[in-house]
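Asks: Below are the sequence and a predicted model; questions follow.
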Amino acid sequence: MGDRPFLTDVKTLRERARQHIEQGAVTPGYKADREVVIRLLNEALATEIVCVLRYKRHYFMATGINAQSVAQEFLEHANEEQMHADSIAQRIVQLGGEPDLAPEGLQSKSHSEYVEGESLIDMIKEDLIAERIAIDSY
């Protein structure tokens, strides 16, 4: 803010917000390289979608004495990952990009892997590994 009075800054801020409204969420103050951000967001989107698919498979394939409660956890995580994917896709559109949902590119862009797992323990381990990958990559 410096030497300028706060009201002047607010007035300027409001005036700038009205300029170039067709650019949506991208304001003159947005300094990031939009194309790079959109590419990174599409990678994050692919990661989330692969996670949804893996969790859904684990939900349907969970068997054994503890399977019902674990399957419900898989389903809950699948739904959460889908919400993350939806938020990322919305942000890509807000930045003037297009969410890349083409199935053939999802696995190659995803940071996490789609590993089916042989047992309930394998499935849980693979999901934990994928979560750790997502945390580190984001």
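Replies: Cool, got the structure.
Asks: okay, and for this structure, where does confidence drop off?
Replies: Residues of the chain that meet the criterion pLDDT under 70 lie in 1-8, 10, 13, 16-17, 20-28, 30.
Asks: Go through the host helix or strand of residue 80 and flag the buried ones.
Replies: Here residue 80 is covered by helix 67-94, with elements defined by DSSP states H and E. Residues of helix 67-94 classed as buried: 70-71, 74-75, 77-78, 81-82, 84-85, 88-89, 91-92 (neighbour count, 16 or more other C-beta atoms under 10 Å). Yep, even glycine has a C-beta here, placed from its N, CA and C like the rest.
Asks: Tell me the one of those residues nearest residue 48?
Replies: When the buried residues of helix 67-94 are compared for distance to residue 48 (C-beta to C-beta), residue 85 comes out closest, at 3.8 Å.
Asks: so who does the closest one touch?
Replies: Residues touching residue 85, when contacts are defined by C-beta atoms under 8 Å, 6 or more residues apart in numbering, comprise 45, 48-49, 52.
Asks: can you do 10 Å?
Replies: Contacts for residue 85 (C-beta atoms under 10 Å, 6 or more residues apart in numbering) come out as 44-52, 99, 101.
Asks: Roughly how far does it sit from residue 138?
Replies: Note on residue 85: its distance to residue 138, by C-beta to C-beta, to the nearest Å, is 13 Å.
Asks: Need phi/psi at the closest residue to residue 42 other than its chain neighbours.
Replies: Counting by C-beta to C-beta, 6 or more residues apart in numbering, residue 100 is the residue found nearest to residue 42 once chain neighbours are left out, at 4.5 Å. Reported as degrees, to the nearest 10, the phi and psi values for residue 100 are phi -90, psi 100.
Asks: and if you look at the one 3 residues further on?
Replies: Dihedral pair for residue 103: phi -60, psi -40, per degrees, to the nearest 10.
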